[in-house]
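> any chance you can model this:
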Amino acid sequence: MSTGSPTEAILVLEDGRTFRGESYGAVGETIGEIVFNTGMTGYQETLTDPSYQRQIVVQTAPHIGNTGVNSTDNESSRVWVAGYVVRDPARVPSSWRSEATLDEFLEHQQVVGIQGIDTRALTRHLRERGAMRAGISSITTHPDLLLERVRQAPSMAGADLAGEVSTTETYVVPAVGEKLFTVAAVDLGIKGMTPKLMAERGIEVHVLPSAATLDDVLGVTPGGPDGVFFSNGPGDPSAAEGPVEVLRGVLDAGVPYFGICFGNQLFGRALGLGTYKLKYGHRGINQPVKDLTTGKVEVTSHNHGFAVEAPLEGEFSTPYGPGRVTHVGLNDDVVEGIALLDAPAFSVQYHPEAAAGPHDASYLFDRFVELMSRPRAGAQVVEETPPSTDPDEELQTEDSADDSQTDHEPIDAPEPVDAGSIDDAESVDAEPAAPIDLAALLAGTASSQQPAAEPETEAADEAEPQSLGWAPAPETLGWTPPAEPEPDAETVAEVAPESLGWTPVEGDPSSDDLDLSETPPAPEGETVIAWASEPPPFDVPEPDEGGRPTAGPPTGPPIRTDRPTTPSNDTDEEA
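Below is the predicted model of the structure:
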């Protein structure tokens, strides 16, 4: 219910601290875990992220709603936050994409919010005390009454919420262009951008409910999926027993696995690692994470209040072979990614789909594609040898075989090897496929199972010049570029002043009469600031190879250095 104009509202925290403001969105009362998000944009994606189920979100950026809302930026079909806290909402949105104001959007979705409070002081309080339960009410203004209801609300610790936000029926997101792979994606609170980015890489995504069984996951296609994906989602990973058991079955089957956020925490639990609740969590689009396999630092998008417990250095033991931490948060050394070294499975704690947010981590979807492109660990590959057409060679081969059987005890013929797509392959003892070097894969240096063939000399000689790093001279292509004409000195000397944009005024010195060798004395009582040398010309700097302008010479007046300095007034004040 809304009255059409703001009414008095209160925000009460679990520890009793109270903030007073005005209603924003729907008028009513709501209770949930209060957390803060540091993103300066992307509020519509935040509101529609299922991972915020049962949470009241505080926006640390003071101005929210500047671009309104539209029908294309939602990450799901509805708003999931339990409440919304802002300081100065926009009065009028300013964007050609806007279809409604944020206030109208919240009211339509029946989201209770509060505006006009000191969000900086609230954020500092949550950083010091940690995330906690809270309530917003624009019905009652008595803090004691609301505080009693807040303290009776369930805690986020131990909450199993994936089933509340997951799809209830399986649906398919088709691949864009040629279909290359099939992936079973378990929806624990999936955002719409995730299957879209996989579909753009030729992946047909089958999105399953969070309650899907192992048979459901492995049975999306007759031959099974090429990979399995676990999405982000809300709640405590220690309470999600069903998905963890499914994931262990996926790892036992050797199917490539990729997980993000909640899927990273469940992957840790499937490997036998523990999880714990962070003091106030990571929520925002500006979180620095270091990829330990490459040394690269990424700016990433986060939304998680739990994390995996694992050693940051070295390897750790799991039922599926050694594993290691691949990513770490630089703000607080939280584990942000783990991987198995001898099995095709990895995960990250942050959001590589990042809408809205940075795109530093979109390469992780390509790593998943690379994993699915490799032969499964333990699979036997048989290369079919073409039959020989030389009768002498065939006879020699038969004689060698007879000699070998004569010198040794008779042996049983090996069982036929399933060669997959190879028809009528000979029964041979094939070498087992080497274990996947996932550490090298994550670093981008892993080689394929088959060594690359050395280029032939003739082929290299016939290669296109552009492929060798150079381009032929224009003369070799049958034409010669025309030479630029030399400027005519007489023509330049006879250019009229009017053509240069100015007209001499009667009484002004002409260019012939102007003597620049002497500088007139300064009038008495005035100070002339002169250049140390002739002022540099105002030239536009040439762009570099990337099209960006390079730094040019200074073109303004000289800077005075005799100005008095003012002592700094910066102090570390409390809000």
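> what about the nearest residue to Pro209 once chain neighbours are set aside, neighbour count?
The spatially closest residue to Pro209, leaving aside those adjacent along the chain, is Ser166, at 5.1 Å (C-beta to C-beta, 6 or more residues apart in numbering). Every residue, glycine included, has its C-beta placed from N, CA and C. Using other C-beta atoms under 10 Å, Ser166 has 22 neighbouring residues.
> let me see the confidence value for Ser166.
At Ser166, the pLDDT value in this model is 96.
> so what's it up against?
Asp187, Leu188, Gly189, Pro209, Ser210, Ala211, Gly233 (C-beta atoms under 8 Å, 6 or more residues apart in numbering).
> over to Met132?
Neighbours of Met132 in contact, by C-beta under 8 Å, 6+ apart: Leu13, Glu14, Asp15, Glu33, Ile34, Leu126.
> ok, now how distant is it from Thr101?
From Met132 across to Thr101, the span is 30 Å (C-beta to C-beta, to the nearest Å).
> quick one: low-confidence parts of the stretch 351-500 of the chain?
Judged by pLDDT under 70, the stretch 351-500 of the chain has its weakly predicted residues at 377-500.
> count the residues that sit near the residue nearest to Leu292 when sequence neighbours are not counted.
Excluding its sequence neighbours, the residue lying closest to Leu292 (C-beta to C-beta, 6+ apart) is Thr326, at 5.6 Å. Residues within reach of Thr326, counting by other C-beta under 10 Å, total 22.
> for the record, mean pLDDT for the helix or strand where Thr326 lies?
For Thr326, the element it lies in under DSSP states H and E is strand 323-329. For strand 323-329, the mean pLDDT works out to 97.
> what's next to it, contact-wise?
Applying C-beta under 8 Å, 6+ apart, the contact partners of strand 323-329 are 271, 282, 287-293, 310-317, 334-341, 346, 348-350, 439, 442.
> buried ones among those?
With burial judged by 16 or more other C-beta atoms under 10 Å, the buried subset of the contacts of strand 323-329 is 271, 282, 287, 289-293, 310, 334-341, 346, 348-350, 439, 442.
> Met156: what's it in contact with?
Contacts of Met156 (C-beta under 8 Å, 6+ apart): Glu33, Arg54, Gln55, Ala131, Gly235, Asp236, Lys277, Gly305.
> how does it look with 7 Å?
Glu33, Asp236, Gly305 (C-beta atoms under 7 Å, 6 or more residues apart in numbering).
> and the first one, how many residues sit next to it?
The reference is to Glu33. 25.
> right, and it touches Gly130 too?
No: the criterion here is C-beta atoms under 7 Å, and Glu33 misses it with Gly130 at 10.4 Å.
> re the thing from before, what would the contacts of Met156 look like in CSV with pLDDT, distance to Met372 and secondary structure?
Converted to CSV, the contacts of Met156 look like this (pLDDT from 0 to 100; distance: C-beta to C-beta, whole Å; DSSP: H, G, I helix; E, B strand; the rest coil):
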residue, pLDDT, distance to Met372, secondary structure
Glu33, 97, 37, strand
Asp236, 96, 30, coil
Gly305, 95, 31, strand
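> what is the nearest of those to Gly42?
Gly305 (18.5 Å; C-beta to C-beta).
> in the chain, where is pLDDT below threshold?
For the chain, the stretches flagged by pLDDT under 70 are 1-4, 377-575.
> all helices of it, in order?
For the chain, the helices defined by DSSP state H occupy 43-47, 102-108, 119-129, 143-152, 162-165, 193-199, 214-218, 241-253, 262-270, 363-373, 391-407, 438-442, 457-461, 489-493.
> state the distance from Thr46 to Ser71.
17 Å.
> between the two, which is the more surrounded one?
Of the pair Thr46 and Ser71, Thr46 is the one with more neighbours under other C-beta under 10 Å, namely 25 against 8.
> contacts only, for Pro143.
Ile10, Val12, Thr18.
> if we can go back for a sec, neighbour-wise, which of the contacts of Met132 leads?
Going by other C-beta under 10 Å, Ile34 tops the contacts of Met132 with 27 neighbours.
> quickly list what that residue is bridged to.
Ile34 has the following beta-bridge partners by DSSP bridges: Ile56, Met132.
> ok now do it, which residues does it touch?
Here Ile34 is in contact with Leu13, Ile56, Val58, Leu126, Ala131, Met132, Ala134 (criterion: C-beta under 7 Å, 6+ apart).
> surely the first one and Ala134 touch.
So that's Leu13. Yes: in terms of C-beta under 7 Å, Leu13 counts as a neighbour of Ala134; the distance is 4.9 Å.
> can you give me the strands in the stretch 251-400 of the chain?
257-260, 274-291, 297-309, 315-316, 323-329, 335-340, 345-348 (DSSP state E, counting those that start in this stretch).
> ok, residues contacting the second one?
Which is strand 274-291. Contacts of strand 274-291 (C-beta under 7 Å, 6+ apart): 35-39, 42, 126-127, 130-131, 157, 237-238, 265, 268-269, 297-309, 326-331, 336, 350, 356-358.
> give me the buried entries from the residues you listed.
35-39, 42, 126, 131, 237-238, 265, 268-269, 298, 300-308, 326-329, 336, 350, 356-358.
> what's the distance between Glu204 and Ser95?
According to C-beta to C-beta, Glu204 stands 35 Å off from Ser95.
> okay, the two: which has more neighbours?
Taking neighbours as other C-beta under 10 Å, Glu204 and Ser95 compare with Glu204 leading, 21 against 11.
> before we move on, back to that, out of the helices of the chain, deepest packed?
Per-stretch averages of neighbours, counted by mean count of other C-beta atoms under 10 Å, single out helix 262-270 among the helices of the chain, with a mean of 27.
> angle of that helix against helix 241-253?
On the basis of axes from the mean of the first three to the mean of the last three C-alpha atoms, to 10 degrees, helix 262-270 is oriented at 70 degrees to helix 241-253.
> how about the strands in the stretch 1-150 of the chain?
Counting by DSSP E, counting those that start in this stretch, the strands of the stretch 1-150 of the chain are 8-13, 18-25, 29-37, 55-59, 63-64, 83-85, 88-89, 112-115, 132-137.
> now those strands in TSV, with distance to Ser373?
Converted to TSV, these look like this (distance: least, C-beta to C-beta, whole Å):
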stretch	distance to Ser373
strand 8-13	51
strand 18-25	47
strand 29-37	37
strand 55-59	38
strand 63-64	43
strand 83-85	43
strand 88-89	48
strand 112-115	47
strand 132-137	46
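> pick the most buried one from the ones you listed.
strand 83-85 (a mean of 28).
> paired strands for that strand, with orientation please.
Strand 83-85 sits in its sheet next to strand 55-59 (parallel), strand 112-115 (parallel), going by DSSP bridges.
> any chance of these in JSON lines, plus distance to Asn66?
What follows is the strands paired with strand 83-85, written out as JSON lines (distance: least, C-beta to C-beta, whole Å):
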{"stretch": "strand 55-59", "distance to Asn66": "12"}
{"stretch": "strand 112-115", "distance to Asn66": "14"}
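> for Phe181, which of those is the nearest?
Of the strands paired with strand 83-85, nearest to Phe181 by C-beta to C-beta is strand 55-59, at 34.2 Å.
> could you check the angle strand 132-137 makes with that closest one?
Going by the same axes, to 10 degrees, strand 55-59 makes 80 degrees with strand 132-137.
> once you drop chain neighbours, what's closest to Asp342?
Nearest to Asp342 is Gly321, by C-beta to C-beta, 6+ apart, at 3.7 Å.
> next: Gly192.
Per C-beta to C-beta, 6+ apart, closest to Gly192 is Glu75, 5.2 Å.
> try Ser231
Ile190 (3.7 Å).
> check the gap between that neighbour and His63 for me.
Ile190 is 30 Å from His63, by C-beta to C-beta.
> likewise His351?
Using C-beta to C-beta, His351 is found at 24 Å from His63.
> circling back to that earlier point, the strands of the stretch 251-400 of the chain: which one's closest to Gln115?
Shortest distance between Gln115 and those, using C-beta to C-beta, is found for strand 274-291: 19.6 Å.
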